[in-house]
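In: Pasting the sequence and the predicted model now:
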Amino acid sequence: MTNRIILASASPQRKKLLSLVFSEFEIHPTDADETLTGRNIRFQTARLSRLKAETAAETLNRPARTLIIAADTLVSVRGRLLGKPQTRQEAAEMLNLLSGRTHRVTTGFTLWTAGKRLTRSVETKIVMARLTAKMKEWYLDTDEWRGAAGGYRIQNSGEVLFLKIIGSYSNVVGLPIAQLRLLIAKNFPEFL
């Protein structure tokens, strides 16, 4: 029996990032409840990634010789946590809040096997440019805000919104790939 790698996410960005570490893995999205239960960004992203990993493990009947990777990303600014906007208006409100400010992007990720579970959080600071009304409308028209924490994606068109990034770029995209690979190498080397 061979080892299996499962990505518990439907995110095309996470899939692309994970392909930098593994040439073969399976996609198994979950329907875990992503409702926020507090304001601590590290706690919330860690909790949600654990929930996603556990939901995937239960759905897959807790398979042996399987490494499940789950993640959750949130944006924090001025004491507020920003998840994924549901409407264009919510995305516009998030961009208004982030415009001209430094904010944090935190991704919690969980590595789950039948015998061990590890959860970590990685934080990146970003400085968004002060956005004009025209620039906000242009960005909202790209539809990149759909399904994106904070109402933006740093890759593609969203890259022009930012002046500075301090920390992991891939973390902002949705999976801190260097930190993830190091944790796997140290704790689950049989899967590399």
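Out: Sure, I can see it.
In: Mind jotting down where the helices sit in the chain?
Out: With helices called from DSSP state H, the chain shows them at 12-18, 41-59, 88-98, 133-141, 169-173, 177-187.
In: For residue 106, grab the count of nearby residues.
Out: 25 (other C-beta atoms under 10 Å). For every residue, glycine as well, the C-beta is placed using N, CA and C.
In: so where's the chain shaky on pLDDT?
Out: 1 (pLDDT under 70).
In: Kindly reformat the helices of the chain as TSV and extend each row with mean neighbour count and distance to residue 152.
Out: What follows is the helices of the chain, written out as TSV (neighbours: other C-beta atoms under 10 Å; distance: least, C-beta to C-beta, whole Å):
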stretch	mean neighbour count	distance to residue 152
helix 12-18	18	12
helix 41-59	21	17
helix 88-98	18	7
helix 133-141	14	7
helix 169-173	23	9
helix 177-187	16	20
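In: Same list (the ones you listed) but as a markdown table, adding distance to residue 113.
Out: Below are the helices of the chain laid out as a markdown table (distance: least, C-beta to C-beta, whole Å):
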| stretch | distance to residue 113 |
| --- | --- |
| helix 12-18 | 16 |
| helix 41-59 | 9 |
| helix 88-98 | 36 |
| helix 133-141 | 40 |
| helix 169-173 | 23 |
| helix 177-187 | 9 |
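In: gap between residue 153 and residue 39?
Out: For residue 153, the distance to residue 39 (C-beta to C-beta, to the nearest Å) stands at 24 Å.
In: no, scratch that, I was asking about residue 93
Out: In terms of C-beta to C-beta, residue 93 sits 18 Å off from residue 39.
In: just residue 113 next, same as before
Out: 31 Å.
In: more crowded one of those two?
Out: With neighbours defined as other C-beta under 10 Å, residue 113 and residue 39 compare such that residue 113 has more, 21 against 11.
In: ok, that one touching residue 63?
Out: No. Using C-beta atoms under 8 Å, residue 113 makes no contact with residue 63, being 9.4 Å away.
In: Cool, thanks, signing off.
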